[in-house]
Structures are given as structure tokens and as C-alpha cells.
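S.K.: no FASTA, just this:
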């Protein structure tokens, strides 16, 4: 029986704390209340009218003591406006014996500026407009209720409504005019500061590592304790709406579902940012039978950066208690993984930018100068006098050497500019490079590719491409080979790239060739891979880089072998 996916939601507890009173704000309100009380008594001579001041203090309490509350603070400000306008009508009517024309409302209406200014300072312009409308209606009702129909009363009310409108609409403009302009941004200075901080943080991390693969493997080890299972994997986002496998465990290699538009727990967990349980496997290669799967999103802030997939060959293996235990482990790991992925992106961007910069400088500098040298040699050959055969032969030799150097530079530019297309894949990038160099050197190149639809992380693919390029270049330059065999097997997180030639093998001890081997070893170590260099029988050399552990089952894809010599 199919069990529908369960969604586990976590609701954070509401934070609470003591009320913090701002002395300046308290003093300002106290001064306004004292001023209103003094004017009210002076205009009316009635102690009873001071009750409005007491009522105003009560109405002000919510907006003052709960100023951050989404409901109580606005209600308090509306209460202040209503009490102020009602008091204005009452005081105006009471003061008619002393002040004619209803101008006694001037005693209370100055307080109207307090709630309006508070709303304006909090950038609540809509609330300010509503307060003004409430004030206008309450003033009219108060005038009728207390029999204050004199023109002076309505003149005073209109005056304070205009002043309230100025407060409401002009405060934000004044804030912007008085605020000092932001300093001119310095993107490179800011980038330097952030990168310096990143370097310091990276050095202080446990193991001083920001490797996504290593962090993912450590996460799976932690989860194995709280939720044992038969298969597990950590996936992260890649280009084209696909996921890449950073690490996985299990007796067999699993062909996980890596698309986000499929009907799967993987797509649901990514979209909802909530754990998903299901009674079916999240792998394309599963052979059926009872299975329980749990997909937990790795969320950093508001962004989903990856997924953890746990599976076991038993029904109902992931109750709510297990899901809770898993999320307690994946929560802190999300931040670590996000930092590692961001660091990988920064490093890839910086590396690619530097490669492009070097390519431009070589093309615009040394390459163009060598071309001009070649033209000069051609001109010298054309103007040689008859009988200068020895000089002509030396110039032809020199011209051939310049042509060879220019060809090498062009191939170096091609290598610098080569990248893994996120749509084409690693095998296509290696094939294009091998074809180009094979053609230039007269090599017959033989390809064998077995590439999964799943992808490796972009930084890992880039390093594997550079290792393959160096191996192919070494074979072309130093081996004196006639044939080149290139094999590319990608089954994330496993990958193996092998380059073999039928040249003279290790007989070549040129320093630049040995330096190339050192570079390949460093690149392999950077992606936690293994570099193997072995003799090929009966002649030649095989260079292989292996990432991860090989599959323990037959590949779910068919190998594609290009015709010999392609």
C-alpha cells in the first residue's frame, strides 16, 4: 500500500522579553501631556476637563509600551487621535465663557502631532492618512456632540489637520534630505575585505577545509548514526535545473533522480523546503520491493542549497521521531555546505577570469610580436641576394621555428579558453580538446565515453578537464606517439579519466614534462582524487585520474565508443 509523502513543519517559538522604555521618548510624551493639561486648565478653569488628559495618557500607553507590536501600537495611536479630537470639542465648549468662537480647541489639538509624527517616523504613511481621516471625522462628531458649532472651532481643527498632513507627508522627504549621501561604493575594496575575512575563516575551520565533497561525506557519516539505511546521498544545485551528487554511500552505485521537474520527493522537498517521506525510491535504477525514502532539504536562510536522501529497503522506516533527529543534524550542516559551495564558486570565477586574462595578454602581446617576427623573416628571405644559400637556409630554419612557437601559443590559448559547457558535459569538452590537438600533431585519437546524465560539481569538472588537457598535451609534445586513447567514465560522484599513448613512455625526462605531472597531481589532490601514471604495453604511458569509488554494478547506460581515428 502506498504511503503518501509526509511533510514535517517546524514552527519557531515566539520570542518574548521585558519592555524597554526609551527615556527620550518618555520625556517627550510627558512634556506634551503636561503642556496640554496646563493649557486645558488655563482655557477652562475646570479640573474636570483634566480628565481628558488622564484618558489621553491611558490611550497612549499601548503605542508607547508596545511600540513594536503589529496590532497594539497602531490601535494605541488611533486611540490617541480619537481622545484628542473628542477632548478638543469638550474643551472648546467649556471655554466659551473665557475664549469666544470655539478657539479653546487650541489647548488640546497640539497633541495630535504626537501619533501622526510617530507613524511618519516609522514610515507608515498609509496609517498616517488613516489617522488624519479619523481625526477629521472625530472633530466633526465632537463639535456636534458638545454643541461647539462656532466657526473658530472648525478653523482651529482645519489648521491642525493641515499641519498633521504636513507632518505625515513631509517627514520622509526631510529624512532623505537631511540624511548624508552614501559614500561611493568601492567594489574592489569591498571584495578584498570580504575575501580576507573568508581566508581567515577558512583557516580557522576544523581541518581548514571548504571542500563540498568532504563536508557532504562527513554529513552522511553523522546521519548513519541517527538513521541507518541502505543508501544515502547529498545533492546540490547545478546549471540547467539539475542536481549534482556531492557524496553517496551504499553497497551499490545509485542513479539518483537529478531533475527538479520530475514527480518525486526530491522535487517536492526542493520546492517546499520541507522534509518529504515516501514509500518509493528516489532513484531511477531501483529494482522494486519494499522501500522507504526520506528527502531533507538543506536550507541556508531562505535558499535551498541541496538535499539529503536517505533510503532503506523496509517499509515505514522514517517516522516523525527519525525525521526530527535527521533535521537536527542537517540544520547546522547547511551553513557549512553553503560556505563551501560559495567558496568553490568564488574560486572558479577567479580562476576562469585569470585564465581569460592570460589568454588575452598572450594573444595581444607575445603572439602578435611573434607574427611580426615571422613577417620580418619572410621579408628578409625575399630580399636576399643571389648565391646566399647558407643564409637562406638559416632563415628558413628560423621561420619554421617561429611558426612552431606560434602554433604552440595558439594551442595554449585554446587550452586557456576551454571550459566545460554546462549543457555539453565533461566528455564533450575533453573530446573537443583532444580532436584539436590530435589534428595539429597528426595523432589518431580514439574515444570511449560512458557519461551519466547526472553531473559532477562545476569546480570538479573544471579540474578534471585541466588534468586531461595536461595529459594530452604531454603526449603530443614529449611522447612521440602515433595514437592517443581517451576514456571518460562519469557516474557521480565517481569519475575516471584515462589518457594513453603509444609513444616512448618514461624515457622522456624533460623538466617541463615532469612539472606537468606535478601540476596534475596537485589538481587531483584538490578534488580529493587519485592520479595514476603507469607504463602502457608494449609502449607508451597511461595517465588516469580517479574520483570516488567505482560502481559495483553494471552501468545503467550504454558505453559509446567513437570510431577509431575520429
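M.R.: Ah, there it is. What you see is a predicted model; the values in this text were computed from it and never measured.
S.K.: pLDDT weak spots in the stretch 351-500 of the chain?
M.R.: Applying pLDDT under 70 to the stretch 351-500 of the chain flags residues 414-418, 422-423.
S.K.: and with 50 instead?
M.R.: Applying pLDDT under 50 to the stretch 351-500 of the chain flags no residue at all.
S.K.: strands of that one, start to end?
M.R.: Assignment of strands within the stretch 351-500 of the chain using DSSP state E, counting those that start in this stretch yields the ranges 444-451, 483-491, 494-501.
S.K.: for residue 336, find the nearest of these.
M.R.: Between residue 336 and those, the shortest gap by Cβ to Cβ is with strand 494-501, which sits at 23.4 Å. (Each C-beta comes from the backbone N, C-alpha and C, glycine too.)
S.K.: what's that closest one packed up against?
M.R.: helix 458-474, strand 483-491, strand 541-547 (3 or more Cβ pairs under 8 Å, 6 or more residues apart in numbering; DSSP states H and E).
S.K.: nearest to residue 520, of these?
M.R.: Minimum separation from residue 520 across the helices and strands packed on strand 494-501 (Cβ to Cβ) falls at helix 458-474, 5.0 Å.
S.K.: who does the closest one touch, helix- and strand-wise?
M.R.: Partner elements for helix 458-474 (3+ Cβ pairs under 8 Å, 6+ apart): helix 320-362, helix 389-417, helix 426-441, strand 483-491, strand 494-501, helix 511-526, strand 529-535, strand 541-547.
S.K.: can you redo those as JSON lines with distance to residue 234?
M.R.: JSON lines is the format used below for the helices and strands packed on helix 458-474 (distance: least, Cβ to Cβ, whole Å):
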{"stretch": "helix 320-362", "distance to residue 234": "8"}
{"stretch": "helix 389-417", "distance to residue 234": "32"}
{"stretch": "helix 426-441", "distance to residue 234": "20"}
{"stretch": "strand 483-491", "distance to residue 234": "16"}
{"stretch": "strand 494-501", "distance to residue 234": "14"}
{"stretch": "helix 511-526", "distance to residue 234": "19"}
{"stretch": "strand 529-535", "distance to residue 234": "18"}
{"stretch": "strand 541-547", "distance to residue 234": "15"}
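S.K.: mind listing residues that contact stretch 247-258?
M.R.: 213, 216-217, 219-220, 224, 230-235, 242-245, 264, 266, 282-286, 309, 452-455, 491, 493-494, 550-553, 556 (Cβ atoms under 8 Å, 6 or more residues apart in numbering).
S.K.: buried ones among these?
M.R.: Buried residues within the contacts of stretch 247-258, defined by neighbour count using 16 or more other Cβ atoms under 10 Å: 213, 216-217, 219-220, 230-235, 242-245, 264, 266, 282-283, 286, 309, 452, 454-455, 491, 493-494, 551.
S.K.: quick one: residue 459 from residue 547, how far?
M.R.: 12 Å (Cβ to Cβ, to the nearest Å).
S.K.: same thing with residue 189?
M.R.: 38 Å.
S.K.: give me the more crowded residue out of these two.
M.R.: Using other Cβ atoms under 10 Å, the more surrounded residue of residue 189 and residue 547 is residue 547, with 21 against 9.
S.K.: need the contact list for that one.
M.R.: For residue 547, the contact set (Cβ under 8 Å, 6+ apart) comprises 456, 460, 464, 493, 494, 495, 496, 527, 528, 529, 530.
S.K.: quick check: bridge partners of it?
M.R.: Note on residue 547: beta-bridge partners by DSSP bridges are residue 495, residue 529.
S.K.: what would the strands of the stretch 351-500 of the chain look like in JSON lines with distance to residue 411?
M.R.: Listed next are these as JSON lines, based on distance: least, Cβ to Cβ, whole Å:
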{"stretch": "strand 444-451", "distance to residue 411": "15"}
{"stretch": "strand 483-491", "distance to residue 411": "15"}
{"stretch": "strand 494-501", "distance to residue 411": "16"}
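S.K.: can you put the helices and strands packed on strand 494-501 in JSON lines and add distance to residue 167?
M.R.: JSON lines is the format used below for these (distance: least, Cβ to Cβ, whole Å):
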{"stretch": "helix 458-474", "distance to residue 167": "55"}
{"stretch": "strand 483-491", "distance to residue 167": "67"}
{"stretch": "strand 541-547", "distance to residue 167": "67"}
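S.K.: nearest to residue 323, out of the ones you listed?
M.R.: Shortest distance between residue 323 and the helices and strands packed on strand 494-501, using Cβ to Cβ, is found for strand 483-491: 29.4 Å.
S.K.: and that closest one, which residues are buried?
M.R.: Buried residues in strand 483-491 (16+ other Cβ under 10 Å): 483, 484, 485, 486, 487, 488, 489, 490, 491.
S.K.: ok, now how distant is the first one from residue 442?
M.R.: Right, residue 483. Residue 483 is 11 Å from residue 442, by Cβ to Cβ.
S.K.: repeat for the fifth one
M.R.: According to Cβ to Cβ, residue 487 stands 21 Å off from residue 442.
S.K.: got it, and residue 112?
M.R.: Per Cβ to Cβ, residue 112 is found 92 Å from residue 442.
S.K.: ok, now residue 218?
M.R.: Applying Cβ to Cβ, the value for residue 218 to residue 442 is 48 Å.
S.K.: which one of the two has more residues nearby?
M.R.: Using other Cβ under 10 Å as the criterion, residue 218 and residue 442 rank with residue 218 on top: 18 against 9.
S.K.: so after the particular helix or strand that has that one in it, what's the next helix or strand?
M.R.: Assigned by DSSP states H and E, residue 218 belongs to helix 212-226. Using DSSP H and E, the helix or strand that directly follows helix 212-226 along the chain is strand 231-237.
S.K.: and that next one, how far out from the chain middle?
M.R.: Relative to its chain's centre, strand 231-237 lies at 18 Å (Cα atoms, centre = their mean, to the nearest Å).
S.K.: so how far is the helix or strand following that strand from its chain's centroid?
M.R.: For strand 231-237, the following helix or strand on the C-terminal side (DSSP H and E) is strand 243-250. Distance of strand 243-250 from the chain centroid (Cα atoms, centre = their mean) equals 20 Å.
S.K.: what of stretch 261-269?
M.R.: 21 Å.
S.K.: let me see the contact set for residue 44.
M.R.: With Cβ under 8 Å, 6+ apart, residue 44 has these contacts: 91, 94, 95, 98, 104, 107.
S.K.: in this structure, where is pLDDT below threshold?
M.R.: Ranges of the chain meeting pLDDT under 50: 1-19, 207-208, 507-511, 552-566.
S.K.: name the SS class of residue 156, please.
M.R.: Following DSSP: H, G, I helix; E, B strand; the rest coil, the label given to residue 156 is helix.
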